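S.K.: Structure for the following, please:
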Amino acid sequence: AAAELRPTMLELERRLRPDAVALVDAFDYDDRILNSTLGRKDGKVYEALYEAAQRGIQEFSDPFKGYEHLEPFLDKDFLRLRNSMPTLSKL
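M.R.: Next comes the predicted model:
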């Protein structure tokens, strides 16, 4: 069933991509609620990235708000295995 839906989903994504930011902005979520460094209404993406880096990784160590609703669906064994694998960076 998923294989038949894939072409339709890819086409929908292609058509929505140019308007994705405007569609999300239409919900008028505050930057504080989204907790997004990149999705900033003020356009200060680089400043926000720098500030986030200065605050350090501790900020991201606790699960995010609403995690308890997602947790039952996570395959934690797979995630542990994937996190233990070396990255294949070409940098």
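S.K.: Can you tell me what sits against stretch 33-51?
M.R.: By CB atoms under 8 Å, 6 or more residues apart in numbering, the surrounding residues in contact with stretch 33-51 are 21, 24-25, 31, 52, 64. The C-beta positions use only the backbone N, C-alpha and C, and glycine is treated the same way.
S.K.: what about 10 Å?
M.R.: 21, 24-25, 27-31, 52-53, 59-60, 64-65 (CB atoms under 10 Å, 6 or more residues apart in numbering).
S.K.: what does stretch 14-21 give?
M.R.: Residues contacting stretch 14-21 (CB under 10 Å, 6+ apart): 13, 23, 25-26, 39.
S.K.: Kindly format the C-alpha coordinates of it as PDB.
M.R.: What follows is stretch 14-21, C-alpha atoms only, in PDB (Å, rounded to 0.1, in the frame of the first residue of the first chain):
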ATOM      1  CA  ARG A  14       6.900  18.900  -4.900                       C
ATOM      2  CA  ARG A  15       3.700  21.000  -5.300                       C
ATOM      3  CA  LEU A  16       3.600  22.200  -1.700                       C
ATOM      4  CA  ARG A  17       7.400  22.900  -1.200                       C
ATOM      5  CA  PRO A  18       7.300  26.500  -2.700                       C
ATOM      6  CA  ASP A  19       4.500  27.400  -0.200                       C
ATOM      7  CA  ALA A  20       5.700  25.400   2.800                       C
ATOM      8  CA  VAL A  21       6.900  28.300   4.800                       C
END
